[in-house]
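K.L.:
I need the structure of the sequence given here:
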Amino acid sequence: MSAATLDLNSDLGEGFGIWRLGDDDALLDVVTSANVACGFHAGDAVTMRSVCTAAAARGVAVGAQVSYRDLAGFGRRFIDVEPARLADEVLYQVGALEAFARAAGTRVAYVKPHGALYNATVHNDAQAKAVVDGVRAFGALPVLGLPGSRLLAAAEAAGLPGVQEAFADRGYTPDGTLVPRGEPEALLTDTDAVVARALRLAERGELVAVDGSVLAMSARSLCLHGDTPGAVAHARAVRAALESAGIELAPFASRPAG
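P.N.:
The predicted structure follows:
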């Protein structure tokens, strides 16, 4: 089934202090939603405000990319956080980004977990519910996650919109989960392959797993990682190909300022 409208999201604001990762400005010219690091895996006050300001100027939706408290590991290490504490830390991160979004004349429009937390909430009911509890304490924001995940099930059970996401530049296992980073075929680094993945998803509602099996995949948002080698070239090529195919690109969520 063809997707009439598709959102393009990317993980942005992932610098910290003098350290920078990716080209936020270039990607903000391409994507329709920005998953902004909130200080736990990356990001700081200056970076958050800068990305929110740039996103607002371009009409790009701002999303809170929440994580384990793991700057040293870039949020890619599983931490067995007590659910009540995890909920509070999610709320803390969303609230911090909301302050900078408001200062930029926009608002936080959705929430997406990052890295190990994202992967944990695919199968871990306790952590999935904790993330949702943190979001729900802030407000009725959509939650972006992997199709079939416990995270999206928990969001819907709590009355929050659960939004299905696919990845243009990550390898998939035959069961529809992401190939762990560090394993062979975890990343797609060839631009043509990334574009082909995006077009097949948008036009046919499917993608190909690393073993060659075809997976049905209904997704409202497509992620283009900002730290993947060649990320900007991938993103520009994907956007051009989707627009040429007649796919409308637009944020899946937005909140008015004020």
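K.L.:
Surely residue 253 is in contact with residue 110?
P.N.:
Yes. Between residue 253 and residue 110 there is a contact at 4.5 Å, judged by C-beta atoms under 8 Å. For glycine as for every other residue, the C-beta is placed from the backbone atoms N, C-alpha and C.
K.L.:
more neighbours, the two?
P.N.:
residue 110 (28 against 21; other C-beta atoms under 10 Å).
K.L.:
wait, what's in contact with the closest residue to residue 170 other than its chain neighbours?
P.N.:
Counting by C-beta to C-beta, 6 or more residues apart in numbering, residue 178 is the residue found nearest to residue 170 once chain neighbours are left out, at 5.1 Å. The contact partners of residue 178, taken as C-beta atoms under 8 Å, 6 or more residues apart in numbering, are 119, 146, 167, 170, 171, 172, 186.
K.L.:
Just grab the bridge partners of residue 178 for me.
P.N.:
When bridges are assigned using DSSP bridges, the partners listed for residue 178 are residue 172.
K.L.:
Residue 221 now?
P.N.:
Beta-bridge pairing for residue 221 (DSSP bridges): residue 7, residue 165.
K.L.:
pretty sure it contacts residue 163?
P.N.:
Yes. Residue 221 is within contact range of residue 163, at 6.1 Å (criterion: C-beta under 8 Å).
K.L.:
show me where pLDDT drops low in the stretch 1-150 of the chain?
P.N.:
Residues of the stretch 1-150 of the chain meeting the criterion pLDDT under 70: 1-3.
K.L.:
Spell out the residue ranges of the helices in it.
P.N.:
All helices of the stretch 1-150 of the chain, identified by DSSP state H, counting those that start in this stretch, fall at 24-28, 45-58, 83-103, 115-123, 125-138, 150-157.
K.L.:
So which of those is nearest residue 193?
P.N.:
With C-beta to C-beta as the measure, helix 24-28 is the member of the helices of the stretch 1-150 of the chain nearest residue 193 (19.0 Å).
K.L.:
How about residues contacting the closest one?
P.N.:
Outside helix 24-28, the residues that touch it by C-beta under 8 Å, 6+ apart are 10, 12-13, 34, 50-51, 54-55, 58, 60, 224, 226, 231-232, 235.
K.L.:
How about stretch 84-94?
P.N.:
38-40, 64, 66-67, 69, 81, 108, 111, 127, 130-131, 133-135, 137-138, 141.
K.L.:
Recalculate using a threshold of 10 Å.
P.N.:
The contact list for stretch 84-94, computed with C-beta atoms under 10 Å, 6 or more residues apart in numbering, reads 36-41, 43, 63-69, 79-82, 101, 108, 110-111, 113-114, 117, 120, 126-127, 129-139, 141.
K.L.:
Emit the PyMOL select command for whichever of the residues you listed are buried.
P.N.:
Here the buried members of those are turned into a PyMOL selection, burial being counted by 16 or more other C-beta atoms under 10 Å:
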select buried, resi 36+37+38+39+40+41+43+63+64+65+66+67+68+81+101+108+110+111+113+114+117+120+127+129+130+131+132+133+134+135+136+138+141
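K.L.:
picking up where we left off before, in ChimeraX, how would I select the buried members of the contacts of helix 24-28?
P.N.:
Only the buried entries of the contacts of helix 24-28 go into this ChimeraX selection, using 16+ other C-beta under 10 Å:
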select :10,12,13,34,50,51,54,55,60,224,226,231,232,235
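K.L.:
Out of the contacts of helix 24-28, which two sit at the greatest distance?
P.N.:
In terms of C-beta to C-beta, the contacts of helix 24-28 reach their longest pairwise distance at 50 and 224, which sit 19.9 Å apart.
K.L.:
Nearest spatial neighbour of residue 79, chain-adjacent residues omitted?
P.N.:
Once its chain neighbours are removed from consideration, residue 79 has its nearest residue in residue 68; the separation is 4.4 Å (C-beta to C-beta, 6+ apart).
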